[in-house]
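1. okay, sequence plus prediction incoming.
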Amino acid sequence: REGEERNFVFVTCGNWDIKTIIPKQVKKAKMELPLFWSEWCNVKDVFATKYRRKVSGMKGMLQYLRIPLKGQHHLGMDDALNIAKVVQRMLKDGAEIEVTGRHQVLSKRAQTKAQTKAQTADSSNSAAGASDKEEKKSAATEDGASKAK
């Protein structure tokens, strides 16, 4: 949901699906790309950082980690399960799964919304501060009127 803090990241094996295909599909459907697609983690980048070894894809990571390939390569559900096994192993080995890719347009949109939110908060704080000043001024005026009587 808009405005809620996100505590997840999509994990992919490469940037192509989220960086290229999802935006094309959303555009084709005449929709706006949701903010939750604005960032993702390319597991190959995290793998390369953790193990100081670049691999060409999921099969290379599985081989290096000595995890057997389950199912058929490039079959969506099988790939998802195999990538999950790679991620589980990397976490066990101390890797940090973090954002490695961003859509620039969405990042700008998110920044604009954050700035608007900050400006709204500043306006609210200013209004609250002015309200406090008015209350103090009113109290001082009432106090002065009481002493004059």
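-> Everything's here; your move. Quick caveat: nothing in here was measured; it's all calculated off a predicted structure.
2. where exactly do the strands run in this structure?
-> Remark: strands assigned in the chain by DSSP state E are 10-12, 39-42, 101-102.
3. ok, and which of these has the densest surroundings?
-> strand 39-42 (a mean of 20; mean count of other C-beta atoms under 10 Å). Using the backbone N, CA and C atoms, a C-beta is placed for each residue, glycine as well.
4. run through who's touching it.
-> Contacts to strand 39-42, defined as C-beta atoms under 8 Å, 6 or more residues apart in numbering, come from residues 9-15, 18-19, 97-103, 107.
5. would you show me how to pick out the buried ones of these in PyMOL?
-> Entered in PyMOL, the line below selects the buried ones among the contacts of strand 39-42, by 16 or more other C-beta atoms under 10 Å:
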select buried, resi 11+12+13+14+18+19+100+101+103
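6. for the protein, name the helix or strand with the lowest mean pLDDT.
-> The weakest-scoring helix or strand in the chain, judged by mean pLDDT, DSSP states H and E, is helix 104-148 (a mean of 62).
7. rewinding a little: okay if I get the strands of the chain as JSON lines plus mean pLDDT?
-> What follows is those, written out as JSON lines (pLDDT from 0 to 100):
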{"stretch": "strand 10-12", "mean pLDDT": "96"}
{"stretch": "strand 39-42", "mean pLDDT": "96"}
{"stretch": "strand 101-102", "mean pLDDT": "94"}
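8. dump those strands into CSV; add distance to residue 52 as well.
-> Output for the strands of the chain, formatted as CSV (distance: least, C-beta to C-beta, whole Å):
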stretch, distance to residue 52
strand 10-12, 20
strand 39-42, 16
strand 101-102, 20
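9. which stretch among those comes nearest residue 66?
-> For residue 66, the closest of the strands of the chain is strand 10-12, at 20.6 Å, according to C-beta to C-beta.
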